[in-house]
Each structure stands twice: as structure tokens, then as C-alpha cells.
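Student: Please find the sequence and the predicted model below.
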Amino acid sequence: MDVIVVALGGNALLQKGEKPSFHLQMKNISGTAWRLAKVMVRSRHGFIITHGNGPQVGDEFLRNFFAKDKIPKLPLHILNAETQAMIGSMLELELSNELKRLGSRKRVSTIITHVLVSRKDPAFEKPTKPIGPFYTKAHLENELNEEKFHYAKMGGAYRRVVPSPRPLEILEINEIEALARRGDIVICCGGGGIPVFNSGKAHMGAEAVIDKDSTTQLLSNSIKAKRMVILTNVDYVYTDHERMNGRIVKISAEELAKSIDSFEEGTMKPKLEACLEFIKNGGRTAQIGNLEKFEGVMKMRSGTRIGSL
């Protein structure tokens, strides 16, 4: 059975400006599950769903931060594991409910996923991924007296920054692929996966976060998927993102590679880089489109398509 990999952006749980309450996130997940289920119930493909967890990890970091005088703080890789499980549970329950309402017997499985990274990755020498609260200079100095960490100045304040290394291997890939190819819908690689080092014959957690789209690309190529879909909050990739001008409906990987540096860092560029890497390593079609128009994206009626010549 062919498998399609679908990556959910942050708008699957929270829209811009919304407060991160459980009930609001559950409401948004319910809408996401409905959009996914009405397409997946009719499809003969297997599906693997990945998702982001940036705001949720940030919230957990803050809970640790403000409770540190009463409860010992947890490491970053464990916060990733916690939010993987939370989001996976919410999505699995709602997607299962929607499929049942539609008369489907398809099963949904969530796999807590670990992803191997290298100790020698340059990201560990130069952390860039902001996480946690904004600090004043005085507050930062107090925190640094308790714990040494990397930070960056952002406007008039400071934030902790952590490494974002390249994913090398998905440890649970065999189980993920086996379930998907038998027809299950698999939720995995949340937040890019739990980063781990290879320490001799054992694995240990790494204090880092992995880009979700990079892990989605690695996953897609690892199982030799022909199609990878990245869902976000815009209908298309635009040459002028600020004004939503220059809509790109279809583009070859070769043509996109020539203009990749013109796209904005931290938002669309990483998604496009993941698409290029997917095509380069054997993928057939990569798409970027709006989560709310998932059905149109799957029917090639909406979103940007990227392929090889």
C-alpha cells in the first residue's frame, strides 16, 4: 500500500493570537480531525501524520520555569516527549471519533518517536532556536547564576536559545512504516521527534529541538513515500509573502532551488528546503497548502506543487 505523509502546522492546534487553553486546542484539533477524516476515509492510501509542538513545548518550559522552586525542572527532550504524547492523544481520539462517525474501521495509532542527532552537529556550537520567556538583563543575570545556557538579544530583551540539529535517523521507523502500510493512520514524529544521541550501545536524550519539516522529509524518504504534504495557514507559496503576491501553483525542484534564498527564513524557507530534499532523495511530489483546504490539496486543486522535471 502506498503511503502519503502529511505534516500539520501549528494552526492545527492554535490560531494566531489565541490563548493556549486545553479546551480551545481541543476544539481546533476537532476541526482538524474532521478535515482529515473526510478525505482519509475514502482513500486507498496509508497515511502518516506529523505535527509541530513549538507553542506547547514553550508552555511546558514556562511551567517548569515558574515551578522550579517547588519541583525540579525537566530536561528539554522530556518536554518534547510530554507534548508529543499530549498532542498525539488529542489528535488520535478526535480522528478516531470522526472516522467512526463516517462508518470507517480504520485504526489510528500514535507512536512516541525518537530521532537520532549527532553530537558533532554545528548547531550544538551555535544554538539559534529561541524558547521560553523573555528576560530583562537583570533577570537574565540572575538565571545565569543558577544555570549556564546560551541566549540571544531580541529587541530590548533576551531569550534562551537551544540547538536545532539535523535529524539523522528515526528510531521507530520500522514500526511506523509497518502500521501505515497495513492501512493504519499513524501519528508520529511530533515536534520533529525527541532528539537523542548515540552513546556507545545506548541512546540518551539531547538538549535540543529538531525542525518538524526536516524530520517529515527524512521520514518520507526513509519509507520511500512518493508524496509529502505540508499543511500550514496559507493557500500557496508566494514569491512576495508579505503582500501574498506571486502565487506559485506548480514549480520544478530545479527551478525552486535557484530561488530558494529569496524566501523568508524561519517560516516558508525551511518547508521549501524540506520539499527540495524530499524530491532530491527520490520523492515524486511535494505540496504546501492550507490545512483548511486539505481536500482541495489532496485533489491537486489547491496549494503549491513541487516536483522534478
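Tutor: Perfect, thanks for sending it.

Student: For Asn245, name its beta-bridge partners.
Tutor: Asp240 (DSSP bridges).

Student: Just the pLDDT for it.
Tutor: pLDDT recorded at Asn245 is 77.

Student: doesn't Thr239 make contact with it?
Tutor: Yes: using C-beta atoms under 8 Å, Asn245 is in contact with Thr239, at 6.9 Å. The way it works is simple: take the backbone N, C-alpha and C, and place the C-beta from them, glycine included.

Student: quick one, which of those two is more surrounded?
Tutor: Remark: of Asn245 and Thr239, Thr239 carries more neighbours, 12 against 9, as counted by other C-beta atoms under 10 Å.

Student: separation between the more buried one and Thr267?
Tutor: Distance, Thr239 to Thr267, using C-beta to C-beta, to the nearest Å: 14 Å.

Student: cool, and Ile131?
Tutor: The gap separating Ile131 from Thr267 is 17 Å, by C-beta to C-beta.

Student: Between these two, which is the more surrounded one?
Tutor: Neighbour totals were compared for Ile131 and Thr267, and Ile131 leads with 17 against 11 (other C-beta under 10 Å).

Student: Who does the more buried one form a beta bridge with?
Tutor: Beta-bridge partners for Ile131, by DSSP bridges, are Arg160.

Student: show me the contacts for it.
Tutor: Under the criterion of C-beta atoms under 8 Å, 6 or more residues apart in numbering, the contact list for Ile131 reads 57-58, 61, 76, 159-162, 209.

Student: count of neighbours near the residue nearest to Ile187 when sequence neighbours are not counted?
Tutor: Nearest in space to Ile187, with sequence neighbours left out and distances taken as C-beta to C-beta, 6 or more residues apart in numbering, is Thr110 at 4.4 Å. Using other C-beta under 10 Å, Thr110 has 21 other residues around it.

Student: any idea of the pLDDT on Thr110?
Tutor: You'll see Thr110 listed with a pLDDT of 97.

Student: do Glu146 as well
Tutor: pLDDT, read off for Glu146, is 75.

Student: The chain should start at 19 in everything you say after this.
Tutor: Noted, 19 is the first residue going forward, which turns the last one into Glu164.

Student: Return the set of residues that bridge with Ala220.
Tutor: Residues found in beta-bridge contact with Ala220 (criterion: DSSP bridges) are Ser217.

Student: just checking, Asp253 touches Lys311?
Tutor: Yes: counting by C-beta under 8 Å, Asp253 sits close enough to Lys311 to count as a contact (6.5 Å).

Student: quick one: common contacting residues for those two?
Tutor: In terms of C-beta under 8 Å, 6+ apart, Asp253 and Lys311 are both contacted by the residues 320-321.

Student: Tell me which residues of the longest helix along the chain come out buried.
Tutor: Of all the elements of type helix in the chain, the one with the most residues (DSSP state H) is helix 94-119. Of the residues in helix 94-119, those buried under the neighbour-count criterion (16 or more other C-beta atoms under 10 Å) are 94-95, 97-102, 104-106, 108-114, 116-117.

Student: and if you look at stretch 166-174?
Tutor: Of the residues in stretch 166-174, those buried by neighbour count under the rule 16+ other C-beta under 10 Å are Tyr169.
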